[in-house]
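Q: here is a sequence with its predicted model. Questions after.
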Amino acid sequence: MVEKLGAAIRLLGEPAILDANGRSQPVRGHQAWALLARVLLARAPLDRRALAAELFPETVDPLGSLRWCLASLRKALNTADCLNGDPIEGRFADDLDIDVLRLDRDDFDIEAAGPLLGTLEPRCSPEFATWLLVERERIAGIVEARIRQETIRAMSVEDHGRAIRLAELGVRRSPYDESAHILLVKSLALAGRYQAALEQVEATEAVFVAELGEKPSAALRSAARRTISSSPSGISRQAFVASLMQSGLAALSAGAVDAGIDCLRRAVRDAEKHKDAHLTARAMFELGAALVHSVKGYDDEGSVLLRQSTELARQGGNAAIASAGFRELGYVEALAGRRPSAATYLAQALELAGGDDNLAGIHGVIGFNLVDWGRVGEGLDHYALSLEHARSAGNRRREIWSLGLGGWGLLAADRLEEADLWLADCLALVEEQRWMSFRPWPVAVLSESRTRQQARPDDLRPRLEEAFALSCQMNDPCWEGAVARALALTYAAEEAFGPAMEWLGDARRRCMRDTDSYAGLQVEILASQVEVNLKLNRPETADAIAREWLALAARTHRDSHVARAAAFVAGRG
C-alpha cells in the first residue's frame, strides 16, 4: 500500500481528492463521485454487477463504465491498491483523511461540513437517488446534532465566541428550526449581549410570521431573559437557594408549573451570585430537568442548563449530579432522534453512575434510544436492566416509565403478548401511584397491540377517547398525537379509512405542535398515513408522504423505517 501523508477525500460539500500538498486531483464525471460515496458509506463490500446497474442504468456497457471510474479514482488517489475486487473493497491507506468517516471524531471540523456531494446530482438509477437522499438526510442529521452539541458545550465552558459562531451556523443551516434560533439567542444572552439577543428574537419572530404564518413559541423570548432575585436578610444564601429549589420542585409536583419554574430560575440566579459551584450545579440540573419534562418547547434552554450543570459538577467532583445531567441530555437527544449524540451522553452518564435509582433511569433512556434506532433486542435488554434497578431502588415512577416505553419496544419486536403484560402492569402502577399524566401513553400502546391482535375496535375506543381527553386537558402534544394515532388504527382495522385519515392528520398536527416533540412518533404517524392512503387508492398522496417519511426516518436514525420507506419509494419510482 502506497504511503501518503496528508492526502484527503472530501465528500461533505463540493467533492475533492487532495494530495499531500493540498492540491486538488482531477476526477471526471459525477458518476465517479457517486461511486466513491457509495463505496465509502456502504456497510459491506458491493457487488460489481449490481453497483454498475445502479450507477450506469442507461449505459451500453455498465461494467466497463464502472471499471473506467474505478481507474479514474485510483489515479487521483495515486495508488493501485484500493477499490479492487468483486465485491469491491475500499482498502484505503490508513492515513488517508476521509471526512465522511470522521463525523464522530472530536477533532472533526464540524463548521466546514457541507451536504454529501455538495450540489452534485448524479444521473443514476432511482435506487441510487433513494440511497443518496437517505444518506444526505442521515449525515445532515449527524452534522446538525454535532453543531448543537458543540454549541451547548461551548456555552457550558463560557467560550461565548465559539458558541455564537456555531449557533449562527446552526441558524444558517436550518433557518426555520426554532431550536437553532433559541441556541443563538441563549448564546448571545450568556455572552452579556442582551440587546443583540432581543434584536435576534424580534428578527426571528418577524421572519417566522412572514414565512410560516405564526410566531415562534415563548421559549425563544425566554432564552433572552435575565432573572434578578435577592434573598431575604437573616438567612444564609445556601439555605435560601435550597428553599427555592424545594419550593420549585413542590410546585412542579403539584402541577403549578409556572410558579415552580420561576422558583428554580431564582435558585440558579442566587447560586451563581454566591459562586457556589456545587449549589449552582444542583440548581441548574433541577431547572434544566424541569424545563425538559414540565414545559413543552423548552428542551433547548433545558439542555444548555443541563450541560452547564454537568461541567460544574465534574469540576467539583460531584459524579451523581453529572451523571444525572448527562442522562437528561441523552433523553433530549433521543426524543429528537439525534441518536449518536444521545448514545454519547448516555455513555458518559453510565461512566459516572452509582446507585440503583440513577442506573434505572440511564438504562431506561438507553433502551428508549436503541429501540427507536432499530436495535430492538439491545434496547429491550436495557429496559429489563432498568426495571431491575428501579425495583431494587423502590422507585415506582421509573418502573412505570420503563414498563410503558418498554411495551412500545416489545411492539417493535412483535412480541405482542409480552407487551400486553408489561402495559397492564404499567397501568396498574399508574393507578396505584396516581401518576395520571402518564396514563395516555400505555393506553395508546396497549390499544395498538390489541388492534394488531384483532381485538374489537369498539371495545378499545372508550378508553382511548378518555385518554385523548386527558391528553388535551394536559396540553401534551406527544400524548395527544400517540392516542390520536391509536384511534386512527382502530378505524383502519375496520376499513373505515376516512375517519382513520382524519385522526392521523390530527395526530400529526398535534405531535408537531411544539419544537421538542417525539420524532419517533412522527415517523410512525407518517408510516400509518402512507398505508391508509394506499388503502384509499391515493398513490400520489402516499408517494408524497412516503418521501417525507423516508427523509425524517433517515435524519432521525429510525433504521427499520428507512428500509421500509426506501423500498416503497423505489417501488413507486
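A: Thanks, I have it.

Q: look up how far Val60 lies from Asp276.
A: Going from Asp276 to Val60 by C-beta to C-beta, to the nearest Å gives 76 Å. (C-beta placed from N, C-alpha, C; glycine too.)

Q: which of the two has more neighbours?
A: When Asp276 and Val60 are compared for neighbours, Asp276 comes out ahead with 18 against 7, by other C-beta atoms under 10 Å.

Q: the nearest residue to that one once chain neighbours are set aside: how many residues sit nearby?
A: Nearest non-adjacent residue to Asp276, counting by C-beta to C-beta, 6 or more residues apart in numbering: Gln238, 6.6 Å away. Per other C-beta under 10 Å, the neighbour tally for Gln238 reads 15.

Q: now do the buried residues in the stretch of helix or strand Gln238 belongs to.
A: Using DSSP states H and E, Gln238 sits in helix 237-253. Along helix 237-253, these residues count as buried under the neighbour rule (16 or more other C-beta atoms under 10 Å): Arg237, Phe240, Val241, Ala242, Leu244, Met245, Ser247, Gly248, Leu249, Ala251, Leu252.

Q: then stretch 164-183?
A: 164, 166-171, 173-174, 177-183.

Q: specify which member of those is nearest to Pro216.
A: Ranked by distance to Pro216 (C-beta to C-beta), the buried residues of stretch 164-183 are led by Glu178 at 4.7 Å.

Q: longest single helix anywhere in this structure?
A: Of all the segments of type helix in the chain, defined by DSSP state H, the longest one is helix 126-156.

Q: and the angle for whatever helix or strand comes next after that one with helix 126-156?
A: Per DSSP H and E, the first helix or strand lying C-terminal to helix 126-156 is helix 160-173. Orientation note: helix 160-173 sits at an angle of 150 degrees relative to helix 126-156 (axes from the mean of the first three to the mean of the last three C-alpha atoms, to 10 degrees).

Q: what's helix 160-173 in contact with?
A: For helix 160-173, the surrounding residues in contact (C-beta atoms under 8 Å, 6 or more residues apart in numbering) are 110-111, 140, 143-144, 147-148, 150-151, 154-155, 177, 180-181, 183-184, 186-188, 190-192.

Q: contact partners for the most centrally placed residue in the chain?
A: Against the mean C-alpha coordinate of the chain, by C-alpha atoms, centre = their mean, the closest residue is Gly337 at 2.1 Å. Neighbour list for Gly337: Gly141, Asp372, Ala519, Gly520, Val523, Leu552, Arg555, Thr556, His557, Arg558 [criterion: C-beta under 8 Å, 6+ apart].

Q: correct me, but the last one touches Asp372?
A: Yes: in this structure, Arg558 is within contact of Asp372 by C-beta atoms under 8 Å, at 6.1 Å.

Q: so what sits against both of those two?
A: Gly337, Gly520.

Q: quick one: which of the two has more around it?
A: Asp372 (31 against 25).

Q: number of residues surrounding the closest residue in space to that one that isn't next to it in sequence?
A: Spatially, and ignoring its direct neighbours in sequence, Asp372 is nearest to Gly520 (4.2 Å; C-beta to C-beta, 6+ apart). Residue neighbour count, defined by other C-beta under 10 Å, stands at 27 for Gly520.

Q: for Ala254, same thing?
A: Counted by other C-beta under 10 Å, the residues lying close to Ala254 total 10.

Q: before we move on, what about the one 5 residues further on?
A: Each residue near Ala259 was counted by other C-beta under 10 Å, and the total is 15.

Q: please, which helix or strand holds it?
A: Using DSSP H and E, Ala259 falls within helix 257-274.

Q: show me what that helix is packed up against.
A: helix 237-253, helix 277-294 (3 or more C-beta pairs under 8 Å, 6 or more residues apart in numbering; DSSP states H and E).

Q: same thing but 10 Å
A: Judged by 3 or more C-beta pairs under 10 Å, 6 or more residues apart in numbering; DSSP states H and E, helix 257-274 is in contact with helix 237-253, helix 277-294, helix 299-315.

Q: give me the pLDDT for the residue nearest to Asp372.
A: We have a pLDDT of 95 for Gly520.

Q: residues touching it, list them.
A: By C-beta atoms under 10 Å, 6 or more residues apart in numbering, the contact set of Gly520 is 334-337, 339, 368-369, 371-373, 408, 412, 478, 552-553, 556-558, 561.

Q: how about 8 Å then?
A: So Gly520 contacts Leu335, Gly337, Asp372, Thr556, Arg558 (C-beta under 8 Å, 6+ apart).
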